[in-house]
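**Student:** please work out how this folds:
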Amino acid sequence: MQDANALDERMNLFELIKEVSSCRVDYVKYLRPINEADAMVDFLANDRMIKPNYKYGGFSAEKMNKKRAHIRFLLDEIRGRKDLADELKMSFTKDLGQSWYYTELIASATDYNNGIEKSKMKRRFERASDAAFGRMHPDTFWSLMRERVAGIDVKKLKVSDLGIYHELLTRIGVMGRNRKKHYVPDPALVKEFGRQLRILFKSVIEHIPKDQKEFTPIEAVNIFNEIIEQELNMDFHAEVDESLLTASTHTSQKKILIPGGRHDNYSRIELEKLIVHELGVHAVRAYSAEMSSLPVAAFPKSGTYSRLTEEGLAKVCEQALDGKYDDICIVRYLSIGLAQVCKKNFRETFEILWRLEHLVSKRSKEDCFSIVQRTFRGTGELPINTDLFYYRGYALVWQYVGEHIHDDGLVATLFLSGKNDFLEQKRETLVRTMREDGLID
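**Tutor:** Predicted coordinates for the structure are as follows:
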């Protein structure tokens, strides 16, 4: 990162892109517990625990403050530039705003966990979460919850499950209004896009041994690294992290982390989806952006790089490979809604979610715990809106894919155009909050 004093109006577009990109923050790195897997075991074994006994790594307040000062400097720099189109100015502004509210999440969660002005830090955390990820819509939540519960065929339940069903309704309480119908892609579209993806990623998927049904995390990592070396020729590297329950790609570190803390091995289809999600979407799009001969093309062309777009595409690819619509994104939305709309704590949210999913999908308690821990990531007590991206994102991406499924340039747009926000999200909440906080005029 350059010294702010060294930057002036003569800084060219390439340098400006580099400076804005240098401000991006890997907030998950700071908000993710370092004992995620062990905390799950303890929590599931003790139903009196209100929340898991999470431990968090430290962070450098001095380093974070320097980054925040640089973000403010660049916002002023961009505002005063007369050589930038308004669209590009707004694109840079949104990207910097996203980075700013990531630092807000980290700082407020750290102080909250340390018992410093908890009420104030709670409000600060919630505001940053809304700005960075968008707001929860209660109407949508209740529509999804009502539909989810209505999908339980009570007449076919076993006696033991009938007890669980009645416990579920009691724990949820009175449901709110039901106004909206959620989006579901046409099955034919899912299958057709899946066919196109299998053609696109054929050489990649073929690295998975055909005669093997299950894969340990270590075997998954070996396959990842073989693909990277032989097919993609990127400077990424995969490794196992025993403390994690879910996979993640850290593009700045060129690292893909495969969870060693999950309770079972990967099936073949799970591994296919994991490879396309982490490598095909996150790593390839990042590499495409980095290798672009014109960096501005790699920077968002019509708005800030949107995690809504990125995660939406990743989940759509998983569903397409599976050949069927997957409602796990809805479950994540329900988890956040239980915490925010119904004001449930970690334990209450978990107890409702596992009962609901046991009756609807037979999803395990471990899987439900993983969903709920993402809802309360950073504190174990305050809900964070990160996973709203998945439900909103895949619905928007499916609609986009449906509109362009026969276009020759669809694959290039989705995977080879850098970190572009092809959904052209406006992010009104982010911009409005930045204005209210005095970051922009």
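
**Student:** Asp186 and Leu84: what is the separation?
**Tutor:** In this view, Asp186 and Leu84 are 41 Å apart by Cβ to Cβ, to the nearest Å. Quick note: C-beta positions are derived from backbone N, CA and C, even for glycine.

**Student:** pLDDT weak spots in the stretch 51-200 of the chain?
**Tutor:** 178-182 (pLDDT under 70).

**Student:** residues contacting Pro138?
**Tutor:** Residues in contact with Pro138 (Cβ atoms under 8 Å, 6 or more residues apart in numbering) are Gly176, Gly337, Val341.

**Student:** tell me which of Asp186 and Leu84 has more neighbours.
**Tutor:** Comparing Asp186 with Leu84 by other Cβ atoms under 10 Å, the one with more neighbours is Leu84, at 16 against 11.

**Student:** got the contact list for the more buried one?
**Tutor:** Contacts of Leu84 by Cβ under 8 Å, 6+ apart are Leu13, Ile78, Phe92.

**Student:** if you set the cut-off to 10 Å instead, what comes out?
**Tutor:** Going by Cβ atoms under 10 Å, 6 or more residues apart in numbering, Leu84 touches Leu13, Leu16, Ile78, Met90, Ser91, Phe92.

**Student:** just checking, the last one touches Glu77?
**Tutor:** When you say that, I think you mean Phe92. Yes - Phe92 is within contact range of Glu77, at 9.2 Å (criterion: Cβ atoms under 10 Å).

**Student:** what is in contact with the two at once?
**Tutor:** Shared contacts of Phe92 and Glu77 (Cβ under 10 Å, 6+ apart): Leu16, Glu19, Val20.

**Student:** among these, which one sits closest to Gly151?
**Tutor:** Nearest to Gly151 among these: Val20, at 44.8 Å, using Cβ to Cβ.

**Student:** tally of neighbours for that closest one?
**Tutor:** Other residues close to Val20 by other Cβ under 10 Å number 23.

**Student:** I figured it hits Phe73, correct?
**Tutor:** No - applying Cβ under 10 Å as the test, Val20 and Phe73 come out as separate, 11.2 Å apart.

**Student:** so what sits against both of these two?
**Tutor:** Common contacts of Val20 and Phe73, defined by Cβ under 10 Å, 6+ apart, comprise Leu96.

**Student:** okay, Asp327: pLDDT?
**Tutor:** Reported pLDDT at Asp327 in the predicted model: 67.

**Student:** cool, the one 3 residues further on as well?
**Tutor:** Here, the pLDDT recorded for Ile330 equals 87.

**Student:** got phi/psi on the closest residue in space to it that isn't next to it in sequence?
**Tutor:** Closest residue in space to Ile330, ignoring its immediate chain neighbours: Leu144 at 5.4 Å, by Cβ to Cβ, 6 or more residues apart in numbering. Main-chain dihedrals, Leu144, degrees, to the nearest 10: phi -70, psi -40.

**Student:** surely Leu144 meets Leu338?
**Tutor:** No - using Cβ under 10 Å, Leu144 is not in contact with Leu338, being 11.1 Å away.

**Student:** looking at these two, which is more packed in?
**Tutor:** The neighbour comparison of Leu144 against Leu338 (other Cβ under 10 Å) goes to Leu338, with 26 against 21.

**Student:** how about low-confidence regions in the stretch 301-441 of the chain?
**Tutor:** For the stretch 301-441 of the chain, applying pLDDT under 70 flags the ranges 301-307, 327-328, 417-421, 424-427.

**Student:** need the contacts of Leu84 in CSV with neighbour count and secondary structure, can you?
**Tutor:** Shown next, in CSV, are the contacts of Leu84 (neighbours: other Cβ atoms under 10 Å; DSSP: H, G, I helix; E, B strand; the rest coil):
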residue, neighbour count, secondary structure
Leu13, 15, helix
Leu16, 21, helix
Ile78, 20, helix
Met90, 20, helix
Ser91, 23, helix
Phe92, 24, helix
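
**Student:** quick one: which of the residues you listed is nearest Arg262?
**Tutor:** Distances from Arg262 to the contacts of Leu84, taken by Cβ to Cβ, are shortest for Ser91, at 37.2 Å.

**Student:** output stretch 30-42 as PDB, restricted to C-alpha atoms.
**Tutor:** These are the backbone C-alpha positions of stretch 30-42, laid out as PDB (Å, rounded to 0.1, in the frame of the first residue of the first chain):
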ATOM      1  CA  TYR A  30     -11.200 -12.200  11.900                       C
ATOM      2  CA  LEU A  31     -14.800 -13.200  12.600                       C
ATOM      3  CA  ARG A  32     -14.400 -17.000  12.200                       C
ATOM      4  CA  PRO A  33     -13.700 -18.800  15.500                       C
ATOM      5  CA  ILE A  34     -10.400 -20.600  15.700                       C
ATOM      6  CA  ASN A  35     -12.000 -23.500  17.500                       C
ATOM      7  CA  GLU A  36     -15.000 -23.900  15.300                       C
ATOM      8  CA  ALA A  37     -15.100 -27.700  15.100                       C
ATOM      9  CA  ASP A  38     -14.300 -28.300  18.800                       C
ATOM     10  CA  ALA A  39     -17.000 -25.800  19.800                       C
ATOM     11  CA  MET A  40     -19.600 -27.600  17.800                       C
ATOM     12  CA  VAL A  41     -18.800 -30.900  19.600                       C
ATOM     13  CA  ASP A  42     -19.200 -29.300  23.000                       C
END
